[in-house]
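Q: Compute the structure for the input listed below.
(one chain, ligands or ions: 2)
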Amino acid sequence: MVVNLLKGFCRAVLPLYPRKALSTNVLVRRTPSLGKHLIGLSRSSTSVNHRKLVRNGEEKKSVIWIEGNIASGKTTCLEYFSKTSDIEVLTEPVSKWRNVQGCNPLGLMYQDPSRWGLTHQTYVQLTMLDRHVLPTASPIRMMERSIYSAKYIFVENLYKSGKMPEVDFAVLSEWFEWIIKNIAIPVDLIVYLQTSPQTCYKRLKQRCREEEKVIPLEYLESIHNLYEDWLIHHKSFEVPAPVLVIPADHDLKKMLHQYEENREKILMAHC
Ligand SMILES: Nc1ncnc2c1ncn2[C@@H]1O[C@H](COP(=O)(O)OP(=O)(O)O)[C@@H](O)[C@H]1O
Ligand SMILES: Cc1cn([C@H]2C[C@H](O)[C@@H](COP(=O)(O)O)O2)c(=O)[nH]c1=O
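A: Ligands and ions are numbered 1, 2, ... in the order given. Have a look, this model is predicted:
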């Protein structure tokens, strides 16, 4: 009976949807007549219809990753969107990387990358995975970075710069491949905060995280190049979702203005 009801619903409603918006197991509600059932996300006058139904009638959640270099402004961006109802924000678990049972793998890695890179990146991989599989109650989840950038940017950088032994890289790579093959890691949109390494260097100095005091400009340049090759030039690894690039060298006022301008594009990620 449930199946028949569902079939009837599909026969009545499917023709209302543009073909493009349909995939094999997803319905996107777009009709204005359904508008009253939809949640307006924006704090500005534009409201955003963001609900997506999956076949069992449950709401499909949207997942957006905020990617960018160290100190590019990811946390600040997340803080801004966290004020919007229906958005759940997950920041990077940096505090865990600085303190796991009294040890500081992030600090150790910066002091001696060849010795501690594997330890640190194994823990990053675990804690990012933990973030990805956390159940979500909100229709939209915004997450700072991902298990993908941990591997494609930071592990890659350690290895390419000769600071990670081949065997460590091989072990981490096997772990990573196993995870992405066997565990669902949903993502609908990647927002890339594109900065110059010089801007990040200035902001990093201003933030003044103890462990990061040893970071030279060249390190941020390498991270920048890896991000550009991945998300802009598509030269290195698979990109798991569409990318929205936001130029992020601007002052805070202009950045908030850009977030507002892009709000709808970001929050409609799944449509
Ligand atoms: N647009 C901006 N202009 C100037 N400073 C900024 C801007 N965005 C963030 N900052 C500052 O730069 C530092 C790093 O920002 P943060 O949001 O923590 O970056 P991330 O999370 O990418 O590392 C912080 O001190 C923050 O206050
Ligand atoms: C993902 C990831 C991060 N790190 C380092 C880089 C920075 O020092 C911090 C994260 O700070 P940010 O301001 O949020 O960029 O962690 C790393 O060493 N390895 C990683 O995989």
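Q: from here on, contacts and neighbour counts on C-alpha atoms
A: OK.
Q: Could you grab the helix/strand/coil label for the nearest residue to residue 212 once chain neighbours are set aside?
A: Among residues not flanking residue 212 along the chain, residue 110 sits closest, at 7.3 Å (CA to CA, 6 or more residues apart in numbering). The three-state assignment at residue 110 reads helix, by DSSP: H, G, I helix; E, B strand; the rest coil.
Q: close enough to count as contact, residue 110 and residue 214?
A: Yes: look at residue 110 against residue 214 with CA atoms under 8 Å: they come within range, at 7.1 Å.
Q: Please identify which of the two sits among more neighbours.
A: Per other CA atoms under 10 Å, whichever of residue 110 and residue 214 has more neighbours is residue 110, with 17 against 11.
Q: ok, now which ones touch the more buried one?
A: Applying CA atoms under 8 Å, 6 or more residues apart in numbering to residue 110 gives the contacts 211-212, 214-215.
Q: shaky segments in the stretch 1-150 of the chain?
A: 1-59 (pLDDT under 70).
Q: Please repeat the previous calculation with a cut-off of 50.
A: Scanning the stretch 1-150 of the chain for pLDDT under 50 picks out 1-51.
Q: Alongside ligand 2, which residues does it contribute?
A: 69-71, 121, 124, 150 (CA under 6 Å from any ligand atom).
Q: circling back to that earlier point, mark which of the contacts of residue 110 are buried, thanks.
A: 211-212 (16 or more other CA atoms under 10 Å).
Q: Please identify which of the contacts of residue 110 is nearest to ligand 1.
A: Among the contacts of residue 110, residue 212 lies closest to ligand 1 (CA to the nearest ligand atom), at 10.9 Å.
Q: my read is that closest one is in a helix, agree?
A: Yes: counting by three-state DSSP, residue 212 is part of a helix.
Q: Pull the contacting residues for it.
A: Shown in contact with residue 212 (CA under 8 Å, 6+ apart): 107, 110, 204.
Q: what's downstream of whichever strand or helix holds the first one, the next helix or strand?
A: When you say that, I think you mean residue 107. Using DSSP states H and E, residue 107 maps to helix 105-111. Using DSSP H and E, the next helix or strand after helix 105-111 towards the C-terminus is helix 113-133.
Q: Only alpha carbons, please: show that next one as PDB.
A: Presented in PDB, the C-alpha positions along helix 113-133 are these (Å, rounded to 0.1, in the frame of the first residue of the first chain):
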ATOM      1  CA  PRO A 113      57.300  16.200  10.400                       C
ATOM      2  CA  SER A 114      59.300  13.100   9.300                       C
ATOM      3  CA  ARG A 115      58.900  11.500  12.700                       C
ATOM      4  CA  TRP A 116      55.400  12.600  13.600                       C
ATOM      5  CA  GLY A 117      53.600  13.200  10.200                       C
ATOM      6  CA  LEU A 118      52.100   9.700  10.100                       C
ATOM      7  CA  THR A 119      50.900   9.900  13.800                       C
ATOM      8  CA  HIS A 120      49.300  13.300  13.300                       C
ATOM      9  CA  GLN A 121      47.700  12.500   9.900                       C
ATOM     10  CA  THR A 122      46.300   9.200  11.200                       C
ATOM     11  CA  TYR A 123      44.600  11.100  14.000                       C
ATOM     12  CA  VAL A 124      43.400  13.800  11.600                       C
ATOM     13  CA  GLN A 125      41.900  11.100   9.400                       C
ATOM     14  CA  LEU A 126      40.200   9.500  12.300                       C
ATOM     15  CA  THR A 127      38.700  12.700  13.700                       C
ATOM     16  CA  MET A 128      37.600  14.000  10.300                       C
ATOM     17  CA  LEU A 129      35.900  10.600   9.600                       C
ATOM     18  CA  ASP A 130      34.200  11.000  13.000                       C
ATOM     19  CA  ARG A 131      32.900  14.400  11.900                       C
ATOM     20  CA  HIS A 132      31.600  13.000   8.500                       C
ATOM     21  CA  VAL A 133      29.600  10.200  10.000                       C
END
